[in-house]
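Peer 1: have a look; sequence and predicted model below, questions after that.
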Amino acid sequence: MSKIKKSIISIFFLLLSILFLVANVYISSNFYNRFTDEVPVEYKANIINKTDNLNFLRGQNTNLQLRLVNEGSHVWNSSEPQPVMISYNILDSNLKAVKSDCGNIVIPGEIYYKYFVDVDVPLTAPNVKGPYYIELNLRKGNKVVYVSDEKIKIEVR
């Protein structure tokens, strides 16, 4: 085979390699963009209430049974110096805070994206009867890093 043919074949494969590399970069960047849209780079949770009866007596002490699903990219690690905690605010029927920063329960273990943990959060019902809402938060140290959009309605009688 002549040197010219070898040179042409070498240039062809070099161009093919460059084309393949560009195609991979394009595909990878699209995948990464979709992944970061689906998995926010922040703290986020799906908080599922597993408590059946949400009717309480005034001042009653009880536990909210919750399932916390990690939907953010950060791992909830209880062994860190500032572990992720769940806290809550009690809101009246006008969504004004009656009690703030209650609970502050450390989420146990290492909870990765899409993993979950069940926790019991102690709750003291307000002393005045009526409807109330529980607004759940994730905290890291003294900072609230996530506030749940959904509120749990309770009735105090």
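Peer 2: Structure's in. What do you need? Residues are numbered from 1 along each chain as shown.
Peer 1: following element in sequence after the helix or strand of the chain with the lowest mean pLDDT, please.
Peer 2: When each helix and strand of the chain is scored by mean pLDDT, DSSP states H and E, helix 3-38 comes last, with a mean of 79. Using DSSP states H and E, the helix or strand that follows helix 3-38 in sequence is strand 45-49.
Peer 1: could I get the buried residue list for that following strand?
Peer 2: Ala45, Ile47 (16 or more other Cβ atoms under 10 Å). In this view, the C-beta of every residue, glycine as well, is placed from N, C-alpha and C.
Peer 1: give the rounded mean pLDDT of the helix or strand following it.
Peer 2: Sequence-wise, the next helix or strand downstream of strand 45-49 (DSSP H and E) is strand 55-56. Across strand 55-56, pLDDT averages out at 95.
Peer 1: repeat that for stretch 98-106.
Peer 2: Averaged across stretch 98-106, the pLDDT comes to 89.
Peer 1: distance from that stretch to the middle of the chain?
Peer 2: 18 Å (Cα atoms, centre = their mean, to the nearest Å).
Peer 1: let's see it as CSV, backbone CA atoms only.
Peer 2: Backbone C-alpha positions of stretch 98-106 (Å, rounded to 0.1, in the frame of the first residue of the first chain) are rendered in CSV as follows:
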residue,chain,number,x,y,z
VAL,A,98,-48.3,29.2,66.4
LYS,A,99,-45.1,27.3,67.3
SER,A,100,-41.9,27.3,65.3
ASP,A,101,-38.8,25.1,65.1
CYS,A,102,-40.4,22.2,66.9
GLY,A,103,-39.0,18.6,66.8
ASN,A,104,-35.5,18.9,65.5
ILE,A,105,-35.1,15.2,65.2
VAL,A,106,-31.8,14.0,63.6
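Peer 1: quick test: name the residue nearest the centre of this protein.
Peer 2: Lys44 (2.0 Å; Cα atoms, centre = their mean).
Peer 1: not counting sequence-adjacent ones, nearest residue to it?
Peer 2: Computed as Cβ to Cβ, 6 or more residues apart in numbering, the closest residue to Lys44 that is not its neighbour in sequence is Gly72, at 3.8 Å.
Peer 1: quick one, phi/psi of that neighbour?
Peer 2: phi -110, psi 180 (degrees, to the nearest 10).
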